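>>> Return atomic coordinates for the entry below.
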Amino acid sequence: GAAQAVSGIQEQNRQHAAQVAQVDRQNAMARQNYINELNIASHKDQLRGRQYEAELKEAALAKTAFNKQLDINQQSADIAKTSEQMKLQEKMNKALFESQANIAKTIQAQGTVLAGSGGRGQSMLLELQQAERELGFEQAQIDASIFDATRAYGVAAFGIDLDQYSADTQAYNNLDRGPSFAPSASFAPVEPIKISRPSKPSILGPILSGVSTGLSAYQTVGGEFNFGGKKDITPPP
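Residues are numbered from 1 along each chain as shown. Down below sits the predicted model:
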């Protein structure tokens, strides 16, 4: 019984030590996995942060290029309008000179009529009216050419404005506006709950088992060597 009690206590302690080692191993593995997940989340956050900074720099460069493109479009439109204005001014100057020439012709015709009105005033008056009529036609043509030139300038200027608007819209559509929101930190992994070690078993169980075995053995041996109602543990000869 004593041997069985000692053996039971040793086996019980061995099982308890194995259970404690298994629990410690599980806690260590869970803790290491938690640390690894923290490191992975931190690394991902750093990568997102660097990517966010790079996207901000690219957006700033794109904004600078966009503003420069708008300036170029404005300069191109101003140059085109200036060219059209020069064409219009040239036509208006030409028309002005022609108008001055027509005025001179009118004065000359009136002078001719006044100078020769003595003998054939009626015919000279008709000639003057004809000359004024012809000069009026010429002046009407000059005025029409000025109107056409002004209208052509307006159409050209409107087309230039449309081209500028189209170029500005295309530049705006191609603009890299950068990230809309700053990256947020990753959620931290759930910290593992430490498993408690199993409590050390009581030695009372093996001792009681040993006692029970000893009593059983004692009763068995006593029964075999019971002579005359007396218990004699000495074996017969």
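>>> Show me what the helix of greatest length in the chain is packed up against.
Among all segments of the chain classified by DSSP state H, the helix with the greatest residue count is helix 2-115. Applying 3 or more C-beta pairs under 8 Å, 6 or more residues apart in numbering; DSSP states H and E, one finds that helix 2-115 makes contact with helix 117-173, helix 204-224. Backbone N, C-alpha and C define where each C-beta goes, glycine included.
>>> With respect to those helices, which exhibits the lowest mean confidence?
Ranked by mean pLDDT, the helices and strands packed on helix 2-115 end with helix 204-224 in last place, scoring a mean of 63.
>>> and the gap between the residue nearest to residue 138 when sequence neighbours are not counted and residue 147?
In this structure, residue 138 finds its nearest non-sequential neighbour in residue 102, 5.6 Å apart by C-beta to C-beta, 6 or more residues apart in numbering. Relative to residue 147, residue 102 is positioned 17 Å away (criterion: C-beta to C-beta, to the nearest Å).
>>> ok, those two, which is more surrounded?
The neighbour count for residue 102 versus residue 147, taken as other C-beta atoms under 10 Å, is higher for residue 102 (18 against 11).
>>> Distance check, that one against residue 34.
With C-beta to C-beta as the criterion, residue 102 and residue 34 are 100 Å apart.
>>> And for residue 160?
67 Å.
>>> Those two: which is more packed in?
The residue with more neighbours, out of residue 160 and residue 34 and counting by other C-beta under 10 Å, is residue 160; that gives 18 against 15.
>>> Next one: the more buried one relative to residue 79, how far apart?
According to C-beta to C-beta, residue 160 stands 9 Å off from residue 79.
>>> Please apply the same query to residue 150.
Residue 150 sits 20 Å away from residue 79, going by C-beta to C-beta.
>>> Residue 167 now?
The span separating residue 167 from residue 79 equals 14 Å under the rule C-beta to C-beta.
>>> who's more crowded, those two?
Here residue 167 and residue 79 are compared on neighbour count by other C-beta under 10 Å; more neighbours surround residue 167, at 17 against 11.
>>> And residue 160, how far from residue 187?
Applying C-beta to C-beta to residue 160 and residue 187 gives a distance of 56 Å.
>>> coming back round to it: for the residue nearest to residue 138, give me its contacts.
Under the criterion of C-beta atoms under 8 Å, 6 or more residues apart in numbering, the contact partners of residue 102 comprise 135, 138, 139, 142.
>>> Check the burial of the third one by counting its neighbours.
Right, the one you point to is residue 139. As a burial measure, the neighbour count of residue 139 was computed by other C-beta under 10 Å and equals 16.
>>> and what of residue 152?
Other residues near residue 152 come to 14 when the count uses other C-beta under 10 Å.
>>> Now do the contacts for it.
residue 88.
>>> switch to numbering from 38
Yep, numbering from 38; the last one is residue 189 now.
>>> how close does it sit to residue 124?
Distance check for residue 189 against residue 124: by C-beta to C-beta, it reads 8 Å.
>>> Likewise for residue 140?
25 Å.
>>> Would you mind listing the buried residues in stretch 99-107?
In terms of neighbour count (16 or more other C-beta atoms under 10 Å), stretch 99-107 has its buried residues at 103, 106.
>>> go on, stretch 193-202?
Of the residues in stretch 193-202, 193, 194, 197, 201 count as buried by neighbour count, 16+ other C-beta under 10 Å.
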